[in-house]
Structures are given as structure tokens and as C-alpha cells.
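Enquirer: heads up, no residue letters with this:
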């Protein structure tokens, strides 16, 4: 009985995660529509403005945030396009970036939450919710993690790459809060919707990835 339950959970785990992420995102969206300034935003702002802001930290944050920008992500795709023999995989990576960008653009223009103005350390235009850098970073680097897990056989290399990319995703999100261009809930919402999207995207293209791997 216990084994059956365990197998059931493992089989449908990603769909449970998808459901939790969607519910979390919808709850945050409801608060944004109600024009609520959430406690999470207040705590995040106070912690960063009181304890973290310094010139060295600002320089590091500005570097890290660029790893989630369109220019750098397109640069990575170009490099992968040159170095990888499997061009279909490169096409899936590029398609993933386009879809995640368009999804974020659509959500921002539907919800239209203004950016915070308390302590912007860089100039950013457009709306705030959900965070584009956070959302696209999880979609892009998360998909790379998926491919690394599927294709790389060396367990040590696989573990290191997955750990580093996960760390990068996290710090990109933190950098957006630190630089004052997003509320904490913008970043959380970006993570939640991106995880939901990525589960669907990988589920849809999985058969093409597997077929390509066997070919």
C-alpha cells in the first residue's frame, strides 16, 4: 500500500507542483489586482535597504542581473548553436526563450503593476509583475537543467552544472529586488509561473527530445 502511494506521488509529482505554483501565482495576482502592498514586499525592501546595499554589492548585482537579460540569453543560444551538433535541441531552446518572453510580456501588460520607486539603482521601463528576468531565467536555465539531466552521463559534471545554474537563477531573482526594479512578490510570481510553464513545455516536447536522443 505504501509503495503504491509512493509510486503514485512520484508519477504525478510534477503535476502537483504545477498545481501549487498556479494557485500561488493566482493568489499573488489577486493581491496585485486589489492594489495591495504585501507584507513580503515590505520585509524584502527593509531587509535589503537596511543590511545589504553597498557599492561592491551593487556592482555584483548589476553583473548578475545581466545573466537574465535578453542580450546574454541570445548570446548563449548563439554559442550553443555553434557548438552543439543537435540543431533541433538548439531550436527548442530558442523556442522556449521566445515563448517565455511573450508569456511574461502578456502577463505584465494584463496586470500593469507599476515598478517600485523607493530606491531604483538602475533604470528599467515597463511594468513590474511578474519579474521578467526571474521568469525568463527559470524558463531558460531551467530548461538547460532539464537537458543536462537528460543528456549528460557524467554524474559529477551533471550535479555541478545543475547546482550552478540553480544558484544563478536564485541570485538573478535576488538581484532584481536588490536593484530596486522589482518587489519581492514580483520575483516570487515570476518563479511560480515559470515553473508551471516549464513543466508544461518539457512535457509537450519530451517525446521529441527522447526521439532525438535515440536517433
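Expert: Now that the structure is in, tell me what you want to look at. Predicted model only: the values in this text are computed from it and were never measured. Numbering: from 1, shown residues only.
Enquirer: run through the chain and note the low-pLDDT ranges.
Expert: 1-11, 35-46, 48-52, 210-215 (pLDDT under 70).
Enquirer: okay, which residue is most central for it?
Expert: residue 138 (2.2 Å; CA atoms, centre = their mean).
Enquirer: spit out the contact partners of that residue.
Expert: Applying CB atoms under 8 Å, 6 or more residues apart in numbering, we find residue 138 in contact with 169, 190, 191, 194, 195, 198. Every residue, glycine included, has its C-beta placed from N, CA and C.
Enquirer: what's the neighbour count on the residue lying closest to the fifth one once chain neighbours are set aside?
Expert: Spelled out, it's residue 195. Nearest non-adjacent residue to residue 195, counting by CB to CB, 6 or more residues apart in numbering: residue 21, 4.8 Å away. If you count neighbours by other CB atoms under 10 Å, residue 21 ends up with 20.
Enquirer: same question, the one 4 residues further on
Expert: Residue 25 has 21 neighbouring residues, counting by other CB under 10 Å.
Enquirer: next one: it from residue 92, what distance?
Expert: 24 Å (CB to CB, to the nearest Å).
Enquirer: please, which helix or strand holds the residue nearest to residue 195?
Expert: Following DSSP states H and E, one finds residue 21 within helix 2-33.
Enquirer: residue 187 now?
Expert: Counting by DSSP H and E, residue 187 is part of helix 184-214.
Enquirer: please apply the same query to residue 137.
Expert: With DSSP H and E as the criterion, residue 137 is inside helix 132-151.
Enquirer: can you pull the buried residues of that helix?
Expert: Across helix 132-151, burial judged by 16 or more other CB atoms under 10 Å covers 132-148.
Enquirer: now do the contacts for residue 147.
Expert: Contacts of residue 147 (CB under 8 Å, 6+ apart): 89, 93, 209.
Enquirer: what is the burial count for the first one?
Expert: Yep, that's residue 89 we're talking about. Residues near residue 89, counting by other CB under 10 Å: 20.
Enquirer: and it, backbone torsions?
Expert: phi -60, psi -40 (degrees, to the nearest 10).
Enquirer: same question for the second one.
Expert: When read as degrees, to the nearest 10, the backbone of residue 93 gives phi -60, psi -40.
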